[in-house]
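Sequence unavailable; structure follows:
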């Protein structure tokens, strides 16, 4: 991780990770420590220790004037509020913004995130606490939830991804999910998914101007 930061010529501080079981609790706590560090004054970038750089990395960055948070790393996974703390493969919702950037509405990703405003930092602190001591959810699910309260952007072509070479044997799928081009995500109006032996049907819904989420259509059916 420190080698990557040096290669990218970043002014960095290392935050020691937390060894917990389940492992996502350690990730939650590590993020909380980073947000509350003395040097964490927006704008600041948080990189997880499984990151590797892509050919699309650039510095300086394109940052929209109204941005609260900008994702340099992305994911194909997204949340549907009716399913609580679950991340669904292929469920990410994005809308176009510019040649390089899109708006993200429900994306579960925390491995390479630029926090631009104090509002984003404070909401992230609240979510890391909530996910750790109340909900027992992975933090990136909580971070996806607050995208509805922020001006959240992502680079369509990720600058950093979660490398399989830096993962445990049980997470060799991460690289595939985090090296996608968000600009090529197909637009779907409905989604079908099976959870806990029930089939759920969702409709893509604009909850307020410019903000989208998956809304459950009726009661789930047993599969």
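Thanks, I have it. Predicted model, so just to flag it, every value in this text is computed and none were measured.

in the chain, which spans are strands?
Along the chain, counting by DSSP state E, strands occupy 44-47, 51-53, 69-71, 77-78, 88-89, 94-96, 101-104, 112-115, 152-155, 160-162, 190-195, 198-208, 211-216, 221-222.

could the ones you listed go into TSV alongside mean neighbour count and distance to residue 142?
Heads up, the C-betas are built off the backbone N, CA and C, glycines and all. Conversion of the strands of the chain to TSV gives the following (neighbours: other Cβ atoms under 10 Å; distance: least, Cβ to Cβ, whole Å):
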stretch	mean neighbour count	distance to residue 142
strand 44-47	19	14
strand 51-53	19	20
strand 69-71	25	13
strand 77-78	24	13
strand 88-89	17	15
strand 94-96	16	19
strand 101-104	22	15
strand 112-115	24	13
strand 152-155	26	13
strand 160-162	26	18
strand 190-195	14	19
strand 198-208	14	18
strand 211-216	19	15
strand 221-222	9	29
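
mind putting those strands in JSON lines, distance to residue 140 and mean pLDDT included?
Compiled in JSON lines, these are given as follows (distance: least, Cβ to Cβ, whole Å; pLDDT from 0 to 100):
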{"stretch": "strand 44-47", "distance to residue 140": "12", "mean pLDDT": "97"}
{"stretch": "strand 51-53", "distance to residue 140": "14", "mean pLDDT": "96"}
{"stretch": "strand 69-71", "distance to residue 140": "11", "mean pLDDT": "99"}
{"stretch": "strand 77-78", "distance to residue 140": "8", "mean pLDDT": "96"}
{"stretch": "strand 88-89", "distance to residue 140": "13", "mean pLDDT": "94"}
{"stretch": "strand 94-96", "distance to residue 140": "16", "mean pLDDT": "97"}
{"stretch": "strand 101-104", "distance to residue 140": "12", "mean pLDDT": "98"}
{"stretch": "strand 112-115", "distance to residue 140": "9", "mean pLDDT": "98"}
{"stretch": "strand 152-155", "distance to residue 140": "13", "mean pLDDT": "99"}
{"stretch": "strand 160-162", "distance to residue 140": "11", "mean pLDDT": "97"}
{"stretch": "strand 190-195", "distance to residue 140": "18", "mean pLDDT": "92"}
{"stretch": "strand 198-208", "distance to residue 140": "20", "mean pLDDT": "95"}
{"stretch": "strand 211-216", "distance to residue 140": "16", "mean pLDDT": "96"}
{"stretch": "strand 221-222", "distance to residue 140": "29", "mean pLDDT": "78"}
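
Which one of these lies nearest to residue 62?
When the strands of the chain are compared by Cβ to Cβ, strand 101-104 sits nearest residue 62, at 6.4 Å.

Flag the shaky bits of this structure, pLDDT-wise.
Within the chain, the ranges that satisfy pLDDT under 70 run 223.

Against residue 181, how distant is the closest residue in space to residue 119 that isn't next to it in sequence?
Spatial nearest neighbour of residue 119, chain neighbours left out: residue 68 (5.6 Å); criterion: Cβ to Cβ, 6 or more residues apart in numbering. Computed as Cβ to Cβ, to the nearest Å, the residue 68 to residue 181 distance reads 23 Å.
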